[in-house]
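**Q** quick one, structure for this:
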Amino acid sequence: MSATAEGTSHHEATPQPGATYRHLFTNPEFRALWSAQTLSYAGDQLAQVAMAVLVFARTGSPAITALAYSLTYLAPLAGAPLLSGLADLVPRRQLMIALDLVRAGLVTIMALPRAPLALVCTLLLATVLLGPPFAAARSALLPEVVPPDTLVQGVTVGNITFQAGQVGGFLGGGAAVALLGPHRALALDALSFCLSAVLIATWVRNRTLPPAASQPRHTLRGTARYAHDVVFGHAGLRTLVLMGWLAGFAIVPEGLAAPYAHALGGGPLTVGLLMAAMPAGMVAGGLAVGQLAGPARGMRMLGPLAMLSCAPLAFSLLQPPLWVLVPLWALAGVAGAYQLAAAAAFVKALPGAARGRAVSIAQTGLLTAQGVGILAAGAAAARLGPQAVVGIAGIAGVGAAAILAARWAFHAGTLPSQPPARPRARTS
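**A** Prediction:
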């Protein structure tokens, strides 16, 4: 997930000295999952840029271009609640391979030069809808692929890959589209899905689904209700999920980067600096986040760090210059890396039979919080100005984080402890 706030159990052992990032990459299954994830991010960036260029070239309408682009963000909100339960119903390796191949076929049709624009947009929607079950399957499979003492590093690497992709992905995607054209760029996106499927099929072992004796029924609705009860029926898990949804406040600077840059008298370069500040900070913070994952004392730092992830934004009320603003937002990103350690512990605390769906619930709420945060900030900025709105979002975020930090201090040692999930593997 995109830095979903989650937690760990007081039964969890301190990571061993060998639990390093280098040790993690000696695992061929993890390397395959990470490589597939990296290819997926690269393909997504290509597709987003290519679609924006393609739609604008055919219509000349900024409104229609924005509408087509928004599908890449809005579609998961519709698809995740329904489709991500598949990760608890279908063996996860097979599901990921099937989804990759289906998406490769859809994008191949989109890449055809004579494909009608309405068809291209419809296929884009279908392709994006298949992303949440793939992400849920990968998150649910990760604890079965890596040993418990490297799970935090595994989740952290995935999130750092996503954040680093945000920093440089659009630049690379824009260059690729400029060099190849939108249709060839979409074809390259289809190839990335095929390569992802090959990596998973070749290097990731086949595993049976974890037993689900307590699950009421193997249906999408049954897994949805079961996972909902698991997450929101436990005070510790519920608190940590809500801490993750604090991203609805932290996303405001990114959503208002363009008008904020205009208020500073800057242009596109200023917009890029503002948008990259927090992801770059999270990459830096993520490199050390494994230190939070072991002792209960370390996990208690999640509350203060959640507050610090919003506090620097409040200084926008003072209208600081750009050279002060960028380090402040980067500091917020560094503190925001608390979500990376929390995400790994959340996955570890979940029962295997509900893991895919529970992760999807957290991710769907995160997307919703970010979408609502951006929409509300945009509406408020029209009246108050972007600097005031970012500052207010920071103050509100600190207040919400303080309440959740107090709850987390009480529930930090109460998360359920799940045994390492190692279902029997069979030859593919």
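**Q** tell me which helix or strand the residue in the chain sticking out farthest from the centre sits in.
**A** Taking C-alpha atoms, centre = their mean as the measure, the residue most remote from the mean C-alpha position of the chain is residue 114, 33.8 Å away. Following DSSP states H and E, one finds residue 114 outside all helices and strands.
**Q** tell me how far it lies from residue 145.
**A** Taking C-beta to C-beta, to the nearest Å as the measure, residue 114 and residue 145 are separated by 42 Å. Any C-beta I mention is one placed from the backbone N, CA and C, and that applies to glycine too.
**Q** have a look at this protein and report its longest helix.
**A** helix 28-59 (DSSP state H).
**Q** how far does stretch 176-188 sit from the chain's center?
**A** Here stretch 176-188 is found 25 Å from its chain centre; the criterion is C-alpha atoms, centre = their mean, to the nearest Å.
**Q** buried stuff in stretch 262-280?
**A** The neighbour-count check on stretch 262-280 (16 or more other C-beta atoms under 10 Å) flags 263-264, 266, 270-280 as buried.
**Q** just these: which are in helices?
**A** 263, 270, 271, 272, 273, 274, 275, 276, 277, 278, 279, 280.
**Q** let's have the residues you listed in TSV, adding pLDDT and distance to residue 403.
**A** Below are those laid out as TSV (pLDDT from 0 to 100; distance: C-beta to C-beta, whole Å):
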residue	pLDDT	distance to residue 403
263	89	31
270	81	34
271	74	33
272	70	34
273	81	32
274	85	28
275	78	29
276	78	30
277	86	27
278	88	23
279	82	26
280	82	29
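**Q** which of those sits closest to residue 370?
**A** residue 278 (12.4 Å; C-beta to C-beta).
**Q** who touches that closest one in this structure?
**A** 250, 253, 254, 329, 330, 332, 333, 336 (C-beta atoms under 8 Å, 6 or more residues apart in numbering).
**Q** what is the nearest of the residues you listed to residue 384?
**A** Distances from residue 384 to the contacts of residue 278, taken by C-beta to C-beta, are shortest for residue 253, at 14.7 Å.
**Q** quick check: that closest one touching residue 328?
**A** No: counting by C-beta atoms under 8 Å, residue 253 sits too far from residue 328 to count as a contact (9.7 Å).
**Q** which neighbours do these two have in common?
**A** residue 313.
**Q** got JSON lines for the ones in helices among the buried residues of stretch 262-280, with distance to residue 370 too?
**A** JSON lines is the format used below for these (distance: C-beta to C-beta, whole Å):
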{"residue": "263", "distance to residue 370": "22"}
{"residue": "270", "distance to residue 370": "22"}
{"residue": "271", "distance to residue 370": "18"}
{"residue": "272", "distance to residue 370": "20"}
{"residue": "273", "distance to residue 370": "21"}
{"residue": "274", "distance to residue 370": "17"}
{"residue": "275", "distance to residue 370": "14"}
{"residue": "276", "distance to residue 370": "17"}
{"residue": "277", "distance to residue 370": "17"}
{"residue": "278", "distance to residue 370": "12"}
{"residue": "279", "distance to residue 370": "13"}
{"residue": "280", "distance to residue 370": "18"}
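**Q** which one among those residues gets closest to residue 191?
**A** So of these, ranked by how close each gets to residue 191 (C-beta to C-beta), first place is residue 279, at 26.3 Å.
**Q** ok, the closest one touching residue 332?
**A** No: Residue 279 is beyond contact range of residue 332, at 10.8 Å (criterion: C-beta under 8 Å).
**Q** model confidence at residue 36, what's the number?
**A** Here the pLDDT value assigned to residue 36 is 89.
**Q** what is the burial count for it?
**A** For residue 36, the count of nearby residues is 24 (other C-beta atoms under 10 Å).
**Q** hang on, the earlier thing: closest to residue 235 out of the buried residues of stretch 262-280?
**A** residue 278 (29.6 Å).
**Q** what residues are up against the closest residue to that closest one other than its chain neighbours?
**A** What sits nearest to residue 278 in space, not counting adjacent residues and going by C-beta to C-beta, 6 or more residues apart in numbering, is residue 333, at 3.7 Å. Listed by C-beta under 8 Å, 6+ apart, the contact set of residue 333 reads 277, 278, 279, 280, 281, 282, 283, 284, 285, 309.
**Q** right, and the first one touches residue 334 too?
**A** No: taking contacts as C-beta under 8 Å, residue 277 lies outside contact range of residue 334: 10.4 Å.
**Q** out of the buried residues of stretch 262-280, the closest to residue 209 would be?
**A** residue 279 (34.6 Å).
**Q** any idea how far residue 339 is from the closest one?
**A** Counting by C-beta to C-beta, the gap from residue 279 to residue 339 is 13 Å.
**Q** for residue 348, same thing?
**A** Applying C-beta to C-beta to residue 348 and residue 339 gives a distance of 15 Å.
**Q** tell me which of those two has more neighbours.
**A** Counted by other C-beta under 10 Å, residue 348 and residue 339 do not tie: residue 339 has more neighbours, with 32 against 26.
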